Structure formats: C-alpha cells, structure tokens
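**Q** When you get a sec, could you give me coordinates for this:
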Amino acid sequence: MPGFLSVMVLSALLFTGTFLSQTNAEPIPKVDESVAQQIRIKAEQGDAEAQNNLGVMYANGEGIARDDKQAAFWFRKAAEQGYAEAQLILGLMYNEGQGDLVKDHSQAVAWFRKAANQGLAMAQYNLGVMYARGEGVAQDNEQAVAWYRKAAEGGEAIAQNNLAAMYANGEGVAQDDKQAAFWYRKAAEQGLPTAQNNLGAMYTKGEGVLQDDKQAVGWFHEAAKQGYAEAQNNLGVMYANGKGVAQDNSQAAFWFRKAANQGEAMAQLNLGRMYFSGIAVRQDRAQAYLWTYLAAAQESENALTALDDLVKSMTPSQIEEGKKLVREWVATHPQTAK
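**A** From the prediction side, this is the model:
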C-alpha cells in the first residue's frame, strides 16, 4: 500500500445546492395552550402573521399537536395574503412533498419567486438553487447567479458560498478567483463551515489570495471543529505534511478518524494508510482493510487500487478479520454507511 499521503490532495471547491428548512424569521417562543388559542383566534380572523405562526406551531408541535397538513393549510392562508415567510415555507413544502402537498417543483418555484420578489434572502437563495438544478424551471446558471447575488448581498451566508462557487467554476459568470475568495470569506466570517473549508482550500493553492498555509490551517480548523468532515480531512493532511502547522502524525490521525467516521472517503483512505504503515497508530492490517474498504465502497479510484494492493499483503485470517470489522462498522453506522 505505497505512497502514504504522497498523492493526497485537498478536495475541490464545493457547490452546496441544498435547501434549508428554516427561514429568516425570528423563532416563535415556546407557547402554552392559552397563547396558542390566542394565535388561532387571530389566524381565523385573517391575520397573516398569526396564520404563519400557527403554521409554524403545527409544523413544530409547539403548544399544539404536530400536524403537517394543518401546517400547510395555514402557511397557504398566509402565503395567499402575500406573507413572504409563509410563501418561502410553502415553497419548501412543495419542493419536498410535505404535509398533504404533492411534490411539485413548479409550485415550489412559484412560491419562492413570490417571496424572493419581496426581498426575502432565503427565498432568493432557494430560487437560485432551482435555476442551478433546472428543477421547476429551465436550467439557467446566469439566473442562478443573479438570485444568489441578491441573497448574498442581503447577507445570506449559504448564498455567498454558492455565488463564490459559481465564480470559482466560471458557471453563469466569468471565472474569477478573487471574486470567489471574496464571497467565500463573507460566508466564512459568518461561520459557514463549507465556506471556511473552501476558503482554506484557496489559501493552500494561492487562488484568489496569496498562498498561505497558516491561513489555510486556520480556516480548516474553524470548519473542522464544527464537525465538517471534508475540513477535518484537510486539516489532517496539513498536520501529516507539516504545512502551516508543526508536523504531527497523532493530530493527523485524530482528524482523519473524525472525518472517516462520518463517511469521508479520502479520510478513510488516509486512516487506512496510517494503519498499514503504523504511523501514529498500531500497525494493523485488519484496521487498514476496514478503512480502505469503506473508501473503496464509495468508488474512490485511489482506494480501489490501494485495496487491491493491501489484500495482496494480507493473510486469509487478516482478511477475514478485516471483513468482520467492516460488518461491525456498517451495523453501527447505518446512515453513514449508506
């Protein structure tokens, strides 16, 4: 299993086109039945804010029994009165097919657009995602960029991250590493781990910023301590190679393990190599098999090659022990194993 960490590279910049399940609205305080009744009375009298709040209460089971169908009913009432937060949530429910709503991307786009046109940043972000994916609307990276920009300028961190990714990849806009770094920094400074990891990657490569391994380590650490697996692997690489930080194989193994247990294939391969060579851990072919197999199962080409080489160096009993470890790991990490 040669070449320990010698061909390891930091992962590519991320495009995070996911929907958030929360809005920009202030959370409703925990309510008792009497407060819930007051909100219901206002909602039934046509107060849009109360209708939205009643929908939130039904969705979260706050002061009332949880009921997704009732949540959708009240969100629609508020949305049809032009209440932007409810329009956003109704769009999210159509996108996921929640409550009694049939999944309908076109309806999701329609409601996102209504809220986006009122300046709601999270709706602008989600509309950008729909354009980027081509769901409910013709795929259009320029429109995705336009809506991400609106949300980014409104301070929405995940939109800032996605706008940066569009600049980094030259999608819907001219490729521009300086603009990518600018927007990643905006999101990173708000604590978004994806952006912190991406900004760290730009510092390692000197893309859009002056190359600076210490800055890279700092941003990887900020994301890693939030549990962001890719940054945990990248931080492990920096410790293993002594870049931007004193070389420390024990710290490398610590961060690789953190990421590997979350299913990060590169970290699993790195941890497998440490067990193969006995670096900062006890040399153990079965453990090496476990982590390399898990990485290979994710169709990592490097891991597939490494697994073939590893198996050639193992005895039949070591292979059986490795397979047993794989079965045990999968049984105790069902979500990650998927």
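**Q** hey, where'd the strands end up in the protein?
**A** Applying DSSP state E to the chain gives no strands.
**Q** what stretches of it score poorly on pLDDT?
**A** 1-31, 337-338 (pLDDT under 70).
**Q** longest helix in it, by residue count?
**A** What stands out as the longest helix in the chain, according to DSSP state H, is helix 316-332.
**Q** Need phi/psi at A297.
**A** phi -60, psi -20 (degrees, to the nearest 10).
**Q** any idea how far it lies from V330?
**A** 9 Å (C-beta to C-beta, to the nearest Å). In short, each C-beta sits where N, CA and C put it, glycine included.
**Q** And these two? Which one has more around it.
**A** More neighbours surround A297 than the other of A297 and V330, with 17 against 14 (other C-beta atoms under 10 Å).
**Q** Identify the residue spatially nearest to Q107, adjacent ones excluded.
**A** Y94 (4.2 Å; C-beta to C-beta, 6 or more residues apart in numbering).
**Q** and that neighbour, what is it in contact with?
**A** L101, K103, D104, H105, Q107, A108, W111 (C-beta atoms under 8 Å, 6 or more residues apart in numbering).
**Q** Now for the first one: which residues touch it?
**A** Spelled out, it's L101. A72, M93, Y94, Q107.
**Q** hang on, the earlier thing: give the buried residues for the longest helix of the chain.
**A** By 16 or more other C-beta atoms under 10 Å, the buried positions in helix 316-332 come out as Q318, E321, G322, L325, V326, W329.
**Q** Show me what it packs onto, helices and strands only.
**A** Secondary-structure packing of helix 316-332 (3 or more C-beta pairs under 8 Å, 6 or more residues apart in numbering; DSSP states H and E): helix 285-296.
**Q** same thing but at 10 Å, please
**A** helix 285-296, helix 301-312, helix 334-337 (3 or more C-beta pairs under 10 Å, 6 or more residues apart in numbering; DSSP states H and E).
**Q** what about the second one, distance to the chain center?
**A** When you say that, I think you mean helix 301-312. 29 Å (C-alpha atoms, centre = their mean, to the nearest Å).
**Q** do the shortest one as well
**A** Centroid separation between helix 334-337 and its chain, computed with C-alpha atoms, centre = their mean, is 16 Å.
**Q** now swap in stretch 89-101 and tell me
**A** 21 Å.
**Q** quick one, helices of the stretch 51-200 of the chain?
**A** 68-80, 84-96, 105-116, 121-133, 141-153, 157-169, 177-188, 193-205 (DSSP state H, counting those that start in this stretch).
**Q** Would you quantify the distance from the nearest residue to V245 once chain neighbours are set aside to A195?
**A** Distance criterion C-beta to C-beta, 6+ apart; nearest residue to V245, sequence neighbours excluded, is V217 at 4.9 Å. Using C-beta to C-beta, we find V217 at a distance of 16 Å from A195.
**Q** now do N162
**A** For N162, the distance to A195 - C-beta to C-beta - is 9 Å.
**Q** on that earlier part again, let me know how buried the residue nearest to V245 is, in neighbour terms.
**A** Using other C-beta under 10 Å: V217 sits among 21 other residues.
**Q** Alright, I will stop here.
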